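Colleague: sequence first, predicted model second:
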Amino acid sequence: MKLPNAENAVIEIEKLRDYCLNPNHEEGKHKARRFREKLGITSDDAEQLRHAILDAILRVDAMERKPSEYGRMEEIKLLDVVALIEDVDSEGLRRGDVGTVVEKWKDNVFEVEFGDNSGKAHAFAALRLEQIMKLHFRKDEAA
């Protein structure tokens, strides 16, 4: 299944470079550390990362795991990219909007940050596991 509305996705380079990948940004420095430690990605790689994500969401199927007898099971971690699978009218968010997990709360609730066209966060939403779908990218297709 393709990500709904993927052709409308916007990833502003400033948000990647100056926030997510900036080790000196007050709030983004923790994300920058994780990107560097886990993926070897720094602010110098922001444009390459942006193109890889935009390309992948158009070409690669979003994968959802089949529910177990206990319900839908998905391990979602800090900095995972997720898509909404339903509208969240109270936050002005629509099915298919893509965000980044910035906090994991108890009982499978996740704080997800959604950016606007200028790269600034325009919405934060506490979402239940059943409201989001983790996006997966294959390294060989995203690079």
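Modeller: Perfect, I can see it now. Numbering: from 1, shown residues only.
Colleague: let me see the domain layout of the protein.
Modeller: With domains defined by automatic domain parsing, the chain comprises 6-62, 81-139.
Colleague: show me where this structure has its strands.
Modeller: Secondary structure of the chain (DSSP state E): strands located at 81-84, 98-105, 109-115, 121-128, 132-134.
Colleague: just the buried residues of the third one, please?
Modeller: Which is strand 109-115. Buried residues in strand 109-115, defined by neighbour count with 16 or more other C-beta atoms under 10 Å: Phe110, Glu111, Val112, Glu113, Phe114, Gly115. Any C-beta I mention is one placed from the backbone N, CA and C, and that applies to glycine too.
Colleague: low-confidence ranges in the protein?
Modeller: Along the chain, the parts satisfying pLDDT under 70 run over 1, 3-4, 62-74, 117-119, 137-143.
Colleague: is Glu111 bridged to anything, and to what?
Modeller: Counting by DSSP bridges, Glu111 forms beta bridges with Glu103, Ala126.
Colleague: that one contacts Ala125, doesn't it?
Modeller: Yes: look at Glu111 against Ala125 with C-beta atoms under 8 Å: they come within range, at 7.5 Å.
Colleague: residues contacting the most centrally placed residue in the chain?
Modeller: The C-alpha lying nearest the average C-alpha coordinate of the chain belongs to Val81 (C-alpha atoms, centre = their mean; 2.2 Å). By C-beta atoms under 8 Å, 6 or more residues apart in numbering, the residues touching Val81 are Ile53, Val98, Gly99, Thr100, Val101, Lys134, Leu135.
Colleague: if we ignore the residues flanking it in sequence, what's nearest Asp97?
Modeller: Leu84 (4.9 Å; C-beta to C-beta, 6 or more residues apart in numbering).
Colleague: which residues touch the one you found?
Modeller: Residues near Leu84 by C-beta under 8 Å, 6+ apart: Leu93, Arg94, Arg95, Gly96, Asp97, Gly99, Leu127, Gln131, Ile132, Met133.
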